[in-house]
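*Asks:* Generate coordinates for the sequence data below:
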Amino acid sequence: MKKLYIILLFFGILNGIFSQNKSVNAVRTFVSPKIDGVLDDTCWAKAEIAGDFIQRDLHPGLPTEQKTEVKILYDNAALYISAMLYDTSPDSILRELSTRDNEANAELFGVFFDTYNDDINAYGFFVTSAGTQIDARYSTDTQDFDWNAVWMSSVKINEKGWAVEMRIPYSAVRFTAKEIQTWGFNSIRKVRRLRENSFWNPVNPKINALVRQFGDLTGLENIKPPVRLSFSPYIASIINHYPYNDANVKNLTYNLSGGMDVKYGLSDAFTLDMTLVPDFSQVQSDNQVLNLSPFEVQFQERRPFFTEGTELFNKGGLFYSRRVGGTPIKYNAVAAELKDGEKIIKNPTQTQLLNATKLSGRTNKKLGIGVFNAVSNNMYATVQDTLGVTRSILTSPLTNYNIIVFDQALKNNSFVNLINTNVTREGHFYDANVTGTGFRFNNKKNIYSIGGGAIMSNRFYPDSLKPYTGYSCNLDLGKNGGNFKWNIYGSLNTDKYNPNDLGILLLTNNMETGLNLIYNVYKPFWKVNNSYNSVNIAYQRMYVPNAFWNFGIYGNHVTTFTKRFFTCGLNYAIEPVVTYDYYEPRIFGRFYTYPVNYNAGGFISSDYRKPFALDVSTNYRIFNENNRHYFNLSVSPRYRANNKLSFIYEAANNLRNDDIGFVHYDPYGDTITFGRRNMQTVSNTFSSVYKFTNKMSLSFRLRHYWSKAKYSAYYQLGDDGYLNPYTNYPTDHNVNFNAFNIDMVYYWQFAPGSELNVVWKNSVLKRENTVNNDYYDNFRGSFNTAQNNMISVKVLYYIDYLYLKKAFSKVS
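*Replies:* Numbering: from 1, shown residues only. Modelled structure (predicted):
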């Protein structure tokens, strides 16, 4: 009985800890502290101390093992933060250098500000023990580490631990013009070597509401939102070489360009971002793959303008930013327009973006408003006949992309929103429009919620009087807080629903209902630090025809052990009944009878705090069909030579034995041909980075990808979904594909917000009909194939209007 009382008392104390709301007072200063990481400025003596940090990890609710003291000052221009992060073993503080927005193997300190104190949006400013800056924007359901502000920080290791000083100008955040203000505030400290994460105001890992768990920052009086106006002009020079082996085409081309990014605060709540004649030549190369599936490959967005501050535009999942300035709409249709004797000389894979604009903010009534607009130029392919005469073929017209979003925040992190996306193309091309609405209502404790949405898509074709209209809707209900969570959901996409002109949807024309069960353990027990477990049961049907498609049970379990912080995971998938694939045949209404199959896999990951770490993952899938089975293996060692130099290598091998897939459709005979094939994909990626300082680095990335498919038999797809032998099929569909890329980048932030980038890119894409089974021959062949080499130099300079105004006033 006594033990039970102690347990109940302990949980009562923890509930009290997590429900508390701390407060700290910011003190006005008339002498600004020097941002040097040495806390000897006299102004710090009068500041209040925010201390007594509480762990979120490893032991949620318990006091941190290392003492932390945070102080906050302010004046008419900025906030000033100091932190003394005491450490019982200062010589053990991890401090690996890293590039901006990367923690690496280092300690971390940071502050959060909810400047409107609305429990919706927040800013985060962090610095590592090596001096690397990290900043982020937070909303109710997202965090954006691609957002970058211009602020100052300095770090010093001392005999007591390490110290931090920050200067955050008011131009970096949005806030009201009230005479007396209270902001939401929190502070975080990560002790990397102990894997301990703690917050000033306690954060409960069982609740998915970070911003709602802030304390209060009081004492802010008579501060005014400044004019938030900055310019970032750039100039870029590009040299490109590709051996066309054609006397009429230049192998070496040069380009000098310039443009500008503009950021302007229209009011204390709304910001306008513009990019004029943007240059994205320096972003990392995409990981090209051999795609034999019926679905497009979704690439990661790496362009800064489209990754920063886009949380409003991602509402409803209707914005896939790679559509903007993406592949021309008629890129694959050029070959069909060739005349006798003509060949393709040039066919750009990306459209040229002329400009893009974002306007976003939230009113004092908590209404979020976002407007996005971008314009891409006409794009042409160049073809040449046997006499050397060239002509142009339009592959993409002048195109306007537009998004409008309204997001009304409600109590308890609830919301309703409305979003519209529109794509307008010049000339005899179709236009597209998608309108959707969504909602989520949470209870007071953010434990239970109900959410859903409805969307209508329209395509307007020039020769049609009526639009091509489709619909989508979804609804879910669940428990989202605590150790045990569950979620029941349902969704429907009609056969004509298509948001893919500005969004991305891989599976359309389907209905799905399902149940998610989750059980997480956040507190250490036995030898386990934490454990995350989930099971999903899904039932799917086609919308047209109303027919069964798929049923499966999918599980995932991840555990981290306390002593060595060794993480391992198990995943599995069971599709226990024969299902019907309506997508692989590529023809509406036709289906392929998909066999019963079982899948199991797992991974291990060692402690990244050690100089050497290893990740290994594997997966095996077996089918009740012939000798069909898949096997994947990935091995990725990483080595940190010192705090400046690190290496990562990843090797992956994917084997598919007796795989079945679509190869051809004959519209005249209405015949769908499938093939049985053995596939193998091998990829090797090597990357390294050397950090001269936390503002200067040299990175190198090499990737070779080889994939082959060798067919052993061909079949005709019957109306019953089964395959019938096609013994005299006349065509061979074997494929051998190689992709090779090198990205080497020198980066230097030579002034706040200003940077120099020098980039070298080398790329090879080679697709053949003859399979070469020797990997090393394929690797060597990449060097003997025509290679595209590009060297780009870009200088971007940040100009703050307030700094210019101050400088000119001194001159006058």
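
*Asks:* where does this protein dip in pLDDT?
*Replies:* 1-19, 810-812 (pLDDT under 70).

*Asks:* what about the helices in it?
*Replies:* 2-19, 304-307, 775-783, 801-811 (DSSP state H).

*Asks:* Pull out the buried residues from the third one.
*Replies:* Within helix 775-783, the residues that qualify as buried by neighbour count (16 or more other CB atoms under 10 Å) are 778, 781-782. For every residue, glycine as well, the C-beta is placed using N, CA and C.

*Asks:* With respect to G184, which of the residues you listed is nearest?
*Replies:* S782 (53.1 Å; CB to CB).

*Asks:* Excluding chain neighbours, what is closest to that closest one?
*Replies:* What sits nearest to S782 in space, not counting adjacent residues and going by CB to CB, 6 or more residues apart in numbering, is F740, at 4.0 Å.

*Asks:* What residues are bridge-paired with the one you found?
*Replies:* Beta-bridge partners of F740, counted by DSSP bridges, are H704, V764.

*Asks:* I'd like to know how far it sits from R780.
*Replies:* 11 Å (CB to CB, to the nearest Å).

*Asks:* mind checking the backbone torsions on the nearest residue to K156 once chain neighbours are set aside?
*Replies:* In this structure, K156 finds its nearest non-sequential neighbour in G37, 3.4 Å apart by CB to CB, 6+ apart. The phi and psi values for G37, taken as degrees, to the nearest 10, are phi 80, psi 0.

*Asks:* what's the burial count for G37?
*Replies:* Applying other CB atoms under 10 Å, we find 19 residues neighbouring G37.

*Asks:* thought it was touching V164?
*Replies:* Yes: here G37 reaches V164: they are 6.7 Å apart, a contact under CB atoms under 8 Å.

*Asks:* what number of residues lie near T386?
*Replies:* For T386, using other CB under 10 Å, the count is 9.

*Asks:* picking that back up, any residues in contact with both of G37 and V164?
*Replies:* 154-155 (CB atoms under 8 Å, 6 or more residues apart in numbering).

*Asks:* from what I can see K695 touches Q749, true?
*Replies:* Yes: contact criterion CB under 8 Å: K695 and Q749 qualify, at 4.1 Å.

*Asks:* before we move on, the earlier item: please tell me how far the residue nearest to K156 sits from Y74.
*Replies:* Distance from G37 to Y74, by CB to CB: 19 Å.

*Asks:* show me the contacts for the closest residue to P294 other than its chain neighbours.
*Replies:* Nearest non-adjacent residue to P294, counting by CB to CB, 6+ apart: Y583, 4.7 Å away. Residues counted as contacts of Y583 (CB under 8 Å, 6+ apart) are 294-295, 507.

*Asks:* again, 10 Å this time
*Replies:* 293-295, 506-510, 542, 549, 590-592, 662 (CB atoms under 10 Å, 6 or more residues apart in numbering).

*Asks:* Just the buried ones among these, please.
*Replies:* In the contacts of Y583, the ones that pass as buried (16+ other CB under 10 Å) are 508-510, 542, 549, 590-592, 662.

*Asks:* Save those as TSV, and put in distance to R621 too.
*Replies:* Output for those, formatted as TSV (distance: CB to CB, whole Å):
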residue	distance to R621
T508	25
N509	25
N510	22
M542	24
W549	19
R590	24
F591	21
Y592	17
F662	19
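
*Asks:* and which of the contacts of Y583 is nearest to E65?
*Replies:* L506 (46.7 Å).

*Asks:* Surely the closest one touches N291?
*Replies:* No: at 12.0 Å, L506 and N291 do not qualify as touching, with contact defined as CB atoms under 10 Å.

*Asks:* Tell me who's in contact with G661.
*Replies:* 292-294, 584, 592, 674-677, 679, 709, 711, 733.
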